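Participant: Next one to model:
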Amino acid sequence: MHHSKDNQAKASANKPSVSDEKIFAIPLKVEDVADCYFYHTMELPGHGVIKGRDWDLRGGVDEYLGKVEFAGQRVLEIGPASGFLTFEMEKRGAEVVSVEVTAEHGWDFVPYPADRLQEVFGARRIVMQQLKNSYWFSHAAHKSRAKVYDGDVYNLPAALGQFDIAVMGSVLLHCRDPLRIVEQCGKMARALIITDMFHPDLEGVPVCRLAPTAQNFLWHTWWNFSTQFFTQFLAVMGFTISEILRHQQYHRGRPYTLFTVVGRR
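Facilitator: Residues are numbered from 1 along each chain as shown. The predicted structure follows:
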């Protein structure tokens, strides 16, 4: 009896994608598109094109995702917003777990004086709920099987299991400690995809620059990165860089250049 238990334990230890189902969010039932904030432009079955308020990534998905093959891959996605990339990866054959902040946490706010931040807290809480609504509205329309973990992105639980790929798409610039997130993803996945804004003036040196100033009140964005900031850190962690791409994506109707770095172990 004792031996079979040991063997079972060994077998489950060898199954890398096993995760604890109890930690995943219960899907929200969202009936009304008016309760949603669409961050991405989405094409939803039964609803047509819903114009997003921020990004339209429809023309450049493969470049954005580093031209990586997703068929049969288990993917950890940090910060799905409305879920455009979630459902695109799923269409390409991936099994996706998205990580989203909890309602209490709301955002990794830059610590401006409390009285200034007070102006944005309430509105942000509403937007974050509407953003989650847009994810679940789209999830239902796509009949998606993607799962969501609401929690602390700086302390991802081992119960999420192991992944083939972790995706950090335009999210690290919004995080106080981006390298901690990269490190967490590196422990859980064999390949990492990092996409962020391209800043030509930073290129060639492994640096990140503080984005907020006293004047610009950039409460939502911490950093500008060079491509080398990530390629060097991935190399430190034992990843080999297999792809560095530059591509144009549309934010509020204007083209921006982004970079995507793919590291594999």
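Participant: my guess is L65 contacts I193, does it?
Facilitator: Yes - counting by C-beta atoms under 8 Å, I193 is a contact partner of L65 at 6.1 Å. Where you see a C-beta, it was placed from the backbone N, CA and C, and this is true even at glycine.
Participant: what's the overlap in contacts for these two?
Facilitator: 167, 169, 260 (C-beta atoms under 8 Å, 6 or more residues apart in numbering).
Participant: what would these look like in CSV with secondary structure and distance to A81?
Facilitator: Below are the shared contacts of L65 and I193 laid out as CSV (DSSP: H, G, I helix; E, B strand; the rest coil; distance: C-beta to C-beta, whole Å):
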residue, secondary structure, distance to A81
V167, strand, 12
G169, strand, 9
T260, strand, 17
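Participant: May I ask which of those residues has the most neighbours?
Facilitator: For the shared contacts of L65 and I193, neighbours were counted by other C-beta atoms under 10 Å; the highest total belongs to V167, with 31 neighbours.
Participant: Please name the bridge partners of it.
Facilitator: Beta-bridge pairing of V167 under DSSP bridges involves E77, I193.
Participant: what residues are up against it?
Facilitator: 65, 75-78, 85, 89, 193, 195.
Participant: how about a cut-off of 10 Å?
Facilitator: 64-66, 68, 70, 75-80, 85-86, 89, 94, 96, 98, 185, 189, 191-195, 260 (C-beta atoms under 10 Å, 6 or more residues apart in numbering).
Participant: got it, and G83?
Facilitator: Counted by C-beta under 10 Å, 6+ apart, G83 has contacts 38-40, 42, 77, 89-90, 96, 98, 100, 131-132, 134-139, 142, 144, 146, 148.
Participant: wait, which of the shared contacts of L65 and I193 is closest to I244?
Facilitator: Nearest to I244, judged by C-beta to C-beta, of these is T260 at 7.4 Å.
Participant: separation between V49 and L156?
Facilitator: 34 Å (C-beta to C-beta, to the nearest Å).
Participant: Name the residue in those two with the higher neighbour count.
Facilitator: Neighbour count, other C-beta under 10 Å: between V49 and L156, L156 has more, with 19 against 11.
Participant: The closest residue in space to that one that isn't next to it in sequence: which element?
Facilitator: For L156, ignoring the flanking residues on the chain, the nearest one in space by C-beta to C-beta, 6 or more residues apart in numbering is Q184 at 4.9 Å. Using DSSP states H and E, Q184 sits in helix 178-188.
Participant: starting at the chain centroid, how far to that helix?
Facilitator: When C-alpha coordinates are averaged (C-alpha atoms, centre = their mean, to the nearest Å), helix 178-188 and its chain have centres 12 Å apart.
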